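*Asks:* Sharing a sequence plus its predicted fold:
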Amino acid sequence: MDTTGSHVAFHDPFDQDEDPMANDSFLLSMPGAFVEDDDDDDVIGADDDDNDEGLAAMAGNNFFFGPDDEEFLDGHAFLDHDNDDDDDDDDDDYEDEAVEEDEEDEEDEEDDDGMGEDDDGMVEDELNPQTILGLFRDGEMTGLLTRGQLMTLLRHRNLSHVLFNSADEADITLTRIWGGRAFRNTPKDPNRFPKVPSDEGRKLMRIGTFGTNNLDLRAKKTLGRRMLERELALGDGEQRRRNNDIVTQSLIPGTRAEQIVHYDHPVYSGQFSDDGNFFFSCSQDFKVRMYDTSNPFQWKHYKTVSYPWGQWTLTDASLSPDNRWLAYTSIQSLVSIAPTDPSDTGDPYTLALDGNAQTDDPLQRAQHSFGIWSIRFSGDGRELVAGTSAQSIVVYDIQSRTVLHHIRGHGDDVNAVCFADKASPHIIYSGSDDAMLKVWDRRSMGDGREAGAFVGHLEGLTYIDSKGDGRYILSNGKDQSMKLWDLRMAKSSAQFRSERPLRLSSHSNFDYRSQAYDEDDWEPHPHDNSLVTFRGHRVLRTLIRCHFSPPSSTNSRYVYSGSADGKVYIWNIDATLAGTIDVKKATMGTRRHDRHTRRWYQEPGGWSTCVRDASWHPSAPVLVASAWNGYSMARGTCTLHAFDEAGGDESDSAAWQSVDCDLRPNPDMYFSVENAYMSAAR
């Protein structure tokens, strides 16, 4: 299917009559398409076999363009899911050899269905002058145009105006040509953004809802002094409790990584269990890896499970409350449930959330099915709730294997769902690309009407998280903002439907997967009923996740989110920034630059990082960031960050270690951060 505002025409992943390799034909016609530098000379030239001699480098759009979210592309188009590392391990002359893969290249040319031809495989949208001119927008990055795109651009009547007029006039022209963001004759109010610190957030901090109040103390004590007083048990019981809480919530993890776990594919999510004894990660190779983290600094890998019918990637996973079962999903209506017991080596169970139990053939079912973006266990572990690509919420009874509710409750994909209270299965939240956050009561879902709604985001929601108290909700949005909500302030269904919804993306061509967000598009929502708005991170490229910090290790003091700029952002509840964890800095150069990596040089050195998920340990000052990471973001990492008591130099990396996904060291492939720094210096 075609995606509005995108530079490629997407194919329906569930159309079984279509050649699954046909999607490869658009690779070289994409702005910023992946090309291989076969001679390892850091220059893409005609001597690189698979590349079109007609490619021209120019300003363009080259974010890692994957359909892990609303749109699906066949995985062959971007990543080689074969085990590339085996070839490297057997290649003694790996670093010095020129590429000797003529046979593979011939096979690739056959499989790519015209990938090396000039423009035969190009779709109509690729040669649309508006699409091509749109690549010149400010903020876009260096990419590639095909010969056909370049000739179309040169023939366009607006080119001379763009090239020979002033920057302001050219920008106005391109804004109009782009089609979707109208030029504004008068600038917007620079004070339209939410106030920082937030008054509502300050109130929540003062009353102790989020952490112990440290705002009214006349003489604020240093962390070292408070720790000394805690050890000496100074003060009365109330003073000691308060002092201990302040110490606990002050232990924010830093950039320094205690451990870097490398994956051969991008990591899409990773979470600790509620008791902290278990961690799981989901990657694009359709595998979930489980680790024993009873000692958060000494992990043990003990089990890996697979999803048999994966489409593009694993989209989500959820651990049952008793830690015995793990449910995980892909862009299919089938949910796999695997036991976490390492001695249980049986195949995972399969649940059909589309209610179609007549056939065991997943390919036949997929023709009339949907993808699952989000999955969650209920607090009692008896039910699952899912958000789907069919604009719906599904409630499923595990024991009876029946669909209890399938409600089409949104106007677009439902990217995230969760239960409001871990102790109750009744209240459910859902977040969608229609920019709405809705509240559902399980006891009245039969009529298909929401119990309440929250509005305030200008673009689609990527993730939602409940504090677990049945009251506070957190959401991440493609409008580059994160919002805190109070269930008591939800709009009634009647009020919500009487107000005209505002969704900027409904009349713009903004595609968060491949474009930078224009801050001029941000404006306060006239019906915003959120408490606090957090800004500063980048919600781009993928469905980036956000969370509340845990009550034990942080006293519920913070909220945090991943970011497309390679960092984890941590905020106080008043929207002030409490800290950042620079995952890109902590990992750069820690993996060997293998010849199978697709290079597009979007950043110096080609190393790029997008933190998609993060998880704070429930009882230790430790955070794990799960990321697309490496050269061209073709690989993945889970990095362990802890509170740095010394607060020393980030490059002091004597204790840092780099391991593979099974926690095995491989010095030839994965470097310690110390060695990476030395290599970079050379």
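*Replies:* Thanks, I have it.

*Asks:* List the residues that contact T304.
*Replies:* In this structure, T304 makes contact with K287, V288, R289, M290, D662, judged by CB atoms under 8 Å, 6 or more residues apart in numbering. In this view, the C-beta of every residue, glycine as well, is placed from N, C-alpha and C.

*Asks:* now, the most widely separated pair of the residues you listed?
*Replies:* Maximum pairwise distance among the contacts of T304 (CB to CB): 13.3 Å, between V288 and D662.

*Asks:* neighbour-wise, which of those two wins?
*Replies:* More neighbours sit around V288 than around the other of V288 and D662, counting by other CB atoms under 10 Å; the figures are 24 against 11.

*Asks:* And the helices in the stretch 501-650 of the chain?
*Replies:* 551-554, 583-587 (DSSP state H, counting those that start in this stretch).

*Asks:* okay if I get the ones you listed as CSV plus distance to G346 and mean pLDDT?
*Replies:* Rendered in CSV, the data for these read as follows (distance: least, CB to CB, whole Å; pLDDT from 0 to 100):
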stretch, distance to G346, mean pLDDT
helix 551-554, 34, 88
helix 583-587, 36, 96
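
*Asks:* Of all the ones you listed, which one is nearest L543?
*Replies:* helix 583-587 (17.5 Å).

*Asks:* how is the chain carved up into domains?
*Replies:* Here the domain assignment for the chain is 20-178, 251-681, based on automatic domain parsing.

*Asks:* The ones you listed: lowest mean pLDDT?
*Replies:* When mean pLDDT is averaged over each of those, domain 20-178 scores lowest at a mean of 46.

*Asks:* what sits against V532?
*Replies:* Going by CB under 8 Å, 6+ apart, V532 touches P194, S198, E200, G201, L204, K483, L484, I573, D574, A575.

*Asks:* ok, the nearest residue to F534 once chain neighbours are set aside - contacts?
*Replies:* What sits nearest to F534 in space, not counting adjacent residues and going by CB to CB, 6 or more residues apart in numbering, is M482, at 4.2 Å. Counting by CB under 8 Å, 6+ apart, M482 touches L474, S475, N476, T533, F534, R535, H537, C546, V559, S561, W571.

*Asks:* ok, now P266?
*Replies:* S283, Q284, T313, R612, A627, W628, N629, M633, A634, R635, G636.

*Asks:* out of these, who's nearest R591?
*Replies:* Nearest member of the contacts of P266 to R591, counting by CB to CB, is R635, at 6.3 Å.

*Asks:* Show me what that closest one bridges to in the sheet.
*Replies:* Bridge pairing for R635 (DSSP bridges) gives the partners N629.

*Asks:* how far away is it from D285?
*Replies:* Counting by CB to CB, to the nearest Å, the separation of R635 from D285 is 11 Å.

*Asks:* Can you show me the strands along the stretch 401-550 of the chain?
*Replies:* With DSSP state E, counting those that start in this stretch, the ranges of strands along the stretch 401-550 of the chain come out as 402-407, 414-421, 424-432, 437-441, 452-454, 461-466, 472-477, 481-486, 532-535, 546-548.

*Asks:* In a markdown table: the ones you listed, plus distance to H265.
*Replies:* A markdown table is the format used below for the strands of the stretch 401-550 of the chain (distance: least, CB to CB, whole Å):
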| stretch | distance to H265 |
| --- | --- |
| strand 402-407 | 31 |
| strand 414-421 | 21 |
| strand 424-432 | 26 |
| strand 437-441 | 31 |
| strand 452-454 | 35 |
| strand 461-466 | 20 |
| strand 472-477 | 23 |
| strand 481-486 | 27 |
| strand 532-535 | 30 |
| strand 546-548 | 23 |
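
*Asks:* Quick check: G606 touching Y631?
*Replies:* Yes: here G606 lies in contact with Y631, judged by CB atoms under 8 Å, at a distance of 4.7 Å.

*Asks:* Among those two, which residue is more densely surrounded?
*Replies:* A direct count of neighbours by other CB under 10 Å for G606 and Y631 places Y631 higher, at 22 against 18.

*Asks:* Please name the bridge partners of the residue nearest to F534.
*Replies:* Note on M482: beta-bridge partners by DSSP bridges are N476, F534.

*Asks:* ok, back up a step: so which of the contacts of T304 comes closest to D441?
*Replies:* Distance to D441 across these (CB to CB) is lowest for V288, with 31.6 Å.

*Asks:* got the buried residues for the host helix or strand of that closest one?
*Replies:* V288 belongs to strand 287-292 when elements are defined using DSSP states H and E. Of the residues in strand 287-292, K287, V288, R289, M290, Y291 count as buried by neighbour count, 16 or more other CB atoms under 10 Å.

*Asks:* export the residues you listed to CSV and tack on distance to G468?
*Replies:* Formatted as CSV, the entries for the buried residues of strand 287-292 read as follows, by distance: CB to CB, whole Å:
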residue, distance to G468
K287, 28
V288, 23
R289, 26
M290, 23
Y291, 23
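
*Asks:* Out of the residues you listed, the closest to W616 would be?
*Replies:* For those, the minimum distance to W616 (CB to CB) is 16.0 Å, reached by Y291.

*Asks:* Pull the contacting residues for the closest one.
*Replies:* Residues counted as contacts of Y291 (CB under 8 Å, 6+ apart) are F278, F279, F280, S281, W299, K300, H301, Y302, L663.

*Asks:* Tabulate these (CSV), appending secondary structure, neighbour count and distance to G589.
*Replies:* As requested, the contacts of Y291 are arranged in CSV below (DSSP: H, G, I helix; E, B strand; the rest coil; neighbours: other CB atoms under 10 Å; distance: CB to CB, whole Å):
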residue, secondary structure, neighbour count, distance to G589
F278, strand, 19, 31
F279, strand, 25, 25
F280, strand, 24, 27
S281, strand, 27, 22
W299, coil, 19, 23
K300, strand, 12, 27
H301, strand, 18, 24
Y302, strand, 16, 30
L663, coil, 16, 21
